[in-house]
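Novice: how would this look folded up:
(chains A and B)
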Amino acid sequence: MILQELFGWFGDPAHWQGPDGVPNRMLEHLGYTLLSVFGAAAIAIPLGLYVGHSGRGGVVLVGLSNAMRALPTLGLVTFLFLIAGGSEAGTIVGLIVLAVPPILAGTYSGVQDTDRGVVDAARGMGMTGWQRLWQVEVPNALPLLMGGLRNAALQVVATASVAAYVGLGGLGRLLLDGLRVIDYSKVLAGALFIALLAVLLDLVLAGLQRIIVPRGLRVAAAAVAGRPKARSSGRTES
Amino acid sequence: MFDDLSRYLSSTSNQELVLTQLLQHIYLSLLPLVIGLALAIPLGWLAHRYRAASGVVFGVSNAVYTVPSLALFVVIPVVLGTQILDSLNVVVALTIYTTALLVRPVCDALDAVPFHVVAAATAMGYRPVRRFVTVELPLSVPVLSAGVRVASVSNISLVSVGALIGTGGLGVLFTSGFQISYTAPIIVGIVLTLVLALVVDLILVGLRRALTPWLRAGGTT
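Specialist: Residues are numbered from 1 along each chain as shown, chains lettered A, B, ... in the order given. Have a look, this model is predicted:
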């Protein structure tokens, strides 16, 4: 019965156009996600590379990013929104703040996990610090770094839906507006599109990961373990 | 800001509200942790024992894990036929996440149990079920506990989102504070969530220490 209503909702052309139409909400959602992930990456990747390369501040960084996993996203988003005087910028800052820890953890542990023997060999060959970083540590760190980016993207897709509560656009609007007027077809359509966006984005990033991770690393990993390795960090989204 | 906070916390009705929501928050985050762990153990064992099953189990758990919480919270009532405001929805959703998150640690933890120990137990006449419960499971605690700690932190922070669909927990402080543009309850809610996550994490570390006396004895694992 509810499925019939849902198909009815999908079939209504009014739900596919205008500012509250699915395509526009989808684009808004994607826009927030890209903006926040790029913003967070611009902060987290250089910091993670520095800490991983120099080995300074690693303990503090891991502790801090673990503590940030416990931050309730709804609390952070409402708090920053009120502090920023009710502007959208405060909400976007919240999304960026929540996307930083997974990228930071992925970058740091990627550099940190690089085989010490390989780094020593690079040093022995006379590579400078920069050369070691860019030609050895960064390529070796890519699988975990990309894992961090994927986690961050999922985190932002989820948090942006929650942030519709403070007035942000995106697919969360469909879900929360639907709840307010008890229109379950709209709620479900919102939920399904949010889930769809998350899954598609993760697939695209997984494809990107396959392309940019050097093939040698995959071969080496396959030789060591018979089983593909898990993405290292846990769910951070809330 | 501190004036606001102390004024907010000095009111008895606010204290009662905060305490009630804190208890509700603990219940809504820890119950799914326990059920999820109980479900993840047989599934993880399946993935550990049968290579063919591991692909399916890990594939499904990865996919489930990708779905954002708010979306899962509102889809569950349709599948289960519960009321949309029922807090059972949050419990079920978090149980699903916990299970998906813990399947791989369970499998990894069982893989990490030394084969010769299992073989010795078999040679001593342990039947498979008893061997699993009394030998393999206790020895998998060190690896498994890391996964349980991640799941507990994630559950504690996720429960807050439930406030958007009307279930209790500290998230209520966020929505009510937002509605009257008052940051004091929001700050109290954020701090209590962080403290709760820290306390539960310390308890889990203590539990792991209690369950793995051989690690402290300095012997080999």
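Novice: Report the mean per-residue pLDDT for the top helix by length along chain B.
Specialist: Secondary structure of chain B read by DSSP state H shows that its longest helix is helix B:12-49. Helix B:12-49 carries an average pLDDT of 94.
Novice: The nearest residue to B:Leu139 once chain neighbours are set aside: how many residues sit nearby?
Specialist: Spatial nearest neighbour of B:Leu139, excluding adjacent residues (C-beta to C-beta, 6 or more residues apart in numbering or on different chains): B:Val113 at 4.6 Å. All C-beta spots, glycine's among them, are computed from the backbone N, C-alpha and C. Applying other C-beta atoms under 10 Å in any protein chain shown, we find 18 other residues in the vicinity of B:Val113.
Novice: Now do A:Leu200: how many residues are near it, please.
Specialist: When neighbours are defined as other C-beta under 10 Å, A:Leu200 has 13 of them.
Novice: now swap in the one 3 residues further on and tell me
Specialist: As a burial measure, A:Leu203 scores 12 neighbours (other C-beta under 10 Å).
Novice: Sticking with it, tell me its helix or strand.
Specialist: Per DSSP states H and E, A:Leu203 falls inside helix A:184-212.
Novice: Please identify the buried residues of that helix?
Specialist: A:184-195, A:197-198, A:201-202, A:205, A:209 (16 or more other C-beta atoms under 10 Å in any protein chain shown).
Novice: what does stretch A:106-123 give?
Specialist: Neighbour-count burial for stretch A:106-123 [16+ other C-beta under 10 Å]: A:106-112, A:114, A:119, A:122.
Novice: again, but for stretch A:9-20
Specialist: Buried, per 16+ other C-beta under 10 Å, within stretch A:9-20: A:9, A:15.
Novice: Same check on stretch B:47-65?
Specialist: Those would be B:47-48, B:54, B:57-58, B:61-62, B:65, for stretch B:47-65 by 16+ other C-beta under 10 Å.
Novice: any idea which of those is closest to chain A?
Specialist: Nearest to chain A, judged by C-beta to the nearest C-beta, of these is B:Tyr65 at 6.2 Å.
Novice: mind checking how far that closest one is from A:Leu74?
Specialist: Applying C-beta to C-beta, to the nearest Å, the value for B:Tyr65 to A:Leu74 is 20 Å.
Novice: the helices in chain A, which residues?
Specialist: Taking DSSP H as the criterion, chain A carries its helices at A:2-11, A:22-54, A:58-69, A:73-83, A:88-112, A:116-124, A:129-132, A:138-163, A:171-180, A:184-212, A:215-224.
Novice: Quick check: which of those helices is nearest to B:Thr12?
Specialist: Among these, the nearest to B:Thr12 by C-beta to C-beta is helix A:73-83 (23.3 Å).
Novice: circling back to that earlier point, pull the contacting residues for the residue nearest to B:Leu139.
Specialist: By C-beta atoms under 8 Å, 6 or more residues apart in numbering or on different chains, the contact list for B:Val113 reads B:135-136, B:139-140.
Novice: Could you rerun that using 7 Å?
Specialist: B:136, B:139-140 (C-beta atoms under 7 Å, 6 or more residues apart in numbering or on different chains).
Novice: Any chance of the residues you listed in a markdown table with pLDDT and neighbour count as columns?
Specialist: What follows is the contacts of B:Val113, written out as a markdown table (pLDDT from 0 to 100; neighbours: other C-beta atoms under 10 Å in any protein chain shown):
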| residue | pLDDT | neighbour count |
| --- | --- | --- |
| B:Glu136 | 94 | 19 |
| B:Leu139 | 93 | 21 |
| B:Ser140 | 93 | 24 |
